[in-house]
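S.K.: return a 3D structure for these sequence lines:
(2 chains)
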Protein chains: 2
Amino acid sequence: MLQRVLEYAHYLLASSVEEGDMVVDGTAGNGHDTVFLSKLVGEEGTVLSFDIQEKAILNTEDRIHEEQLKNVHLIQDSHDQLVKYIPDFHEEIGGAIYNLGYLPGSDKTIVTKPDTTLESVKEVLSRLKQEGMLVLVVYYGHSGGDEEKEALLKYLSQLSQKEFNVLRYGFINQVNKPPFILAVEKK
Amino acid sequence: MLQRVLEYAHYLLASSVEEGDMVVDGTAGNGHDTVFLSKLVGEEGTVLSFDIQEKAILNTEDRIHEEQLKNVHLIQDSHDQLVKYIPDFHEEIGGAIYNLGYLPGSDKTIVTKPDTTLESVKEVLSRLKQEGMLVLVVYYGHSGGDEEKEALLKYLSQLSQKEFNVLRYGFINQVNKPPFILAVEKK
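M.R.: All right, here's what the predicted structure looks like:
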């Protein structure tokens, strides 16, 4: 069976993140990915989970409490400010996931933006461990979504194939612009 | 680790083809995929392996003898003539793979063509078992390759999402137009 996009995103993280890693959720949203990452890295690991919206932080906080997770740093700031929050400046990133677009069930005008998304992507890639993966789930059906998608495709398709593998994974016969994956693996 | 394109093509077939199936290799080439399919379907299964070039048929015959495989029907004809060779007209196809382009190490002007490729793809899809998969490995760096790629993308992206899932899987930061996968799964 072909894996659905969200299922494949988690499969990629599970195949590359290790216990004890420091990992990044670039868009906390409803907390789904943060909880998943938290369990992957275990008690010795750390999740830095970002969102600019208070609602997303509160949603995610609820999920963390429910699941009694102790390794998540919830940060209400833009993911392009990532570096400020890395506990040890020299630490590598074990993996990262971003859901680009807007927070489901919330204000659709508050969306991720090409400039800050690219800044954050560059930060993550410069610190990614060997065989670590950055997984971008690209929603682009909203206003401004196409621009962000094109900016990402342009940047990522120019990454050196000696340093990174950049995979595009998506279904091409679905209506309503469903999300696709851009996965960047550090060689 | 992200799976390479050819590795992923075999992974998809292995995840969907069952012992006893009738399966199709639309482009026998050097016999690599035919041998792989033959082992997947086992003694009770059948592989219909097509190629228009004698050299490809001979290459594949050698591989079949080496491996002592008994379940392969080698057919020197175009894959758009598929129906003529199905032993039982009502039998479903358990899976199929096509490597589009030219035969490696041979005459680069003998290539798969949009019209016959599409005809053959339509035949396979109309007979594919439930959860069966057609895997197209799309090489398009040769003369005429872009036209074939575009024709396939156009046709496959219009397939009903109620009947099929059409996945595109490929690396976007590599030079020299490496192949990508179009995988069609019958729902």
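S.K.: all contacts plus neighbour counts: C-alpha atoms, from now on.
M.R.: Noted.
S.K.: please enumerate the strands of chain A.
M.R.: Applying DSSP state E to chain A gives strands spanning A:22-25, A:46-50, A:72-75, A:93-100, A:128-138, A:164-171, A:180-186.
S.K.: so what pLDDT did A:Lys187 get?
M.R.: Predicted confidence (pLDDT) for A:Lys187: 97.
S.K.: could you check how many residues crowd around it?
M.R.: 15 (other Cα atoms under 10 Å in any protein chain shown).
S.K.: do the same with A:Ser106
M.R.: Count around A:Ser106 with other Cα under 10 Å applied: 12.
S.K.: can you give me the distance of it to A:Asp51?
M.R.: Distance from A:Ser106 to A:Asp51, counting by Cα to Cα, to the nearest Å: 13 Å.
S.K.: close to chain B: what parts of chain A are there?
M.R.: A:1-2, A:12, A:15-16, A:131, A:156-161, A:165-174, A:185 (Cα under 8 Å from any Cα of the partner chain).
S.K.: so A:Asn173 sits against B:Ser160, correct?
M.R.: Yes. A:Asn173 is within contact range of B:Ser160, at 7.0 Å (criterion: Cα atoms under 8 Å).
S.K.: who has more neighbours out of those two?
M.R.: Neighbour count, other Cα under 10 Å: between A:Asn173 and B:Ser160, A:Asn173 has more, with 23 against 13.
S.K.: contacts only, for that one.
M.R.: B:Leu156, B:Ser157, B:Gln158, B:Leu159, B:Ser160, B:Gln161, B:Asn165, B:Val166 (Cα atoms under 8 Å, 6 or more residues apart in numbering or on different chains).
S.K.: mind doing that once more with 6 Å?
M.R.: Neighbouring residues of A:Asn173 by Cα atoms under 6 Å, 6 or more residues apart in numbering or on different chains: B:Ser157, B:Gln158, B:Val166.
S.K.: just give the nearest non-adjacent residue to it, would you?
M.R.: Leaving aside its chain neighbours, A:Asn173 sits nearest to B:Ser157 (4.2 Å; criterion: Cα to Cα, 6 or more residues apart in numbering or on different chains).
S.K.: and the one you found, how many neighbours?
M.R.: Per other Cα under 10 Å, the neighbour tally for B:Ser157 reads 18.
S.K.: what's the answer for A:Glu54, then?
M.R.: 13.
S.K.: next: A:Leu82.
M.R.: 20.
S.K.: so how far is B:Ser126 from A:Met1?
M.R.: For A:Met1 relative to B:Ser126 (Cα to Cα), the value is 19 Å.
S.K.: no no, A:Asp107
M.R.: 44 Å.
S.K.: before we move on, what about A:Val5?
M.R.: Counting by Cα to Cα, the gap from A:Val5 to B:Ser126 is 26 Å.
S.K.: cool, A:Phe164 as well?
M.R.: A:Phe164 sits 39 Å away from B:Ser126, taking Cα to Cα as the criterion.
S.K.: now swap in A:Lys177 and tell me
M.R.: Distance check for A:Lys177 against B:Ser126: by Cα to Cα, it reads 26 Å.
S.K.: do A:Gly95 as well
M.R.: 41 Å.
S.K.: ok, now A:Lys162?
M.R.: Distance from A:Lys162 to B:Ser126, counting by Cα to Cα: 42 Å.
S.K.: A:Ser49 now?
M.R.: From A:Ser49 to B:Ser126 the distance is 47 Å (Cα to Cα).
S.K.: which of the two has more neighbours?
M.R.: A:Ser49 (30 against 12).
S.K.: OK, contacts around that one?
M.R.: Counting by Cα under 6 Å, 6+ apart, A:Ser49 makes contact with A:Val24, A:Asp25, A:Ala28, A:Leu74, A:Ile75.
S.K.: so can I have a markdown table of the residues you listed showing pLDDT, distance to B:Ile181 and neighbour count?
M.R.: Listed next are the contacts of A:Ser49 as a markdown table, based on pLDDT from 0 to 100; distance: Cα to Cα, whole Å; neighbours: other Cα atoms under 10 Å in any protein chain shown:
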| residue | pLDDT | distance to B:Ile181 | neighbour count |
| --- | --- | --- | --- |
| A:Val24 | 98 | 30 | 29 |
| A:Asp25 | 98 | 29 | 29 |
| A:Ala28 | 96 | 32 | 31 |
| A:Leu74 | 97 | 38 | 20 |
| A:Ile75 | 97 | 39 | 19 |
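S.K.: how near is A:Met22 to chain B?
M.R.: As judged by Cα to the nearest Cα, to the nearest Å, A:Met22 and chain B stand 18 Å apart.
S.K.: that residue bridge partners, please.
M.R.: According to DSSP bridges, the partner residues bridging A:Met22 are A:Thr46.
S.K.: verify the contact between it and A:Glu44 for me.
M.R.: No. Using Cα atoms under 6 Å as the test, A:Met22 is too far from A:Glu44 to be in contact (9.1 Å).
S.K.: who has more neighbours out of the two?
M.R.: A count of neighbours by other Cα under 10 Å puts A:Met22 above the other of A:Met22 and A:Glu44, at 27 against 12.
S.K.: how close does that one get to A:Glu92?
M.R.: From A:Met22 to A:Glu92 the distance is 7 Å (Cα to Cα).
S.K.: helices of chain A, residue ranges please.
M.R.: A:5-16, A:32-41, A:54-67, A:114-127, A:145-157 (DSSP state H).
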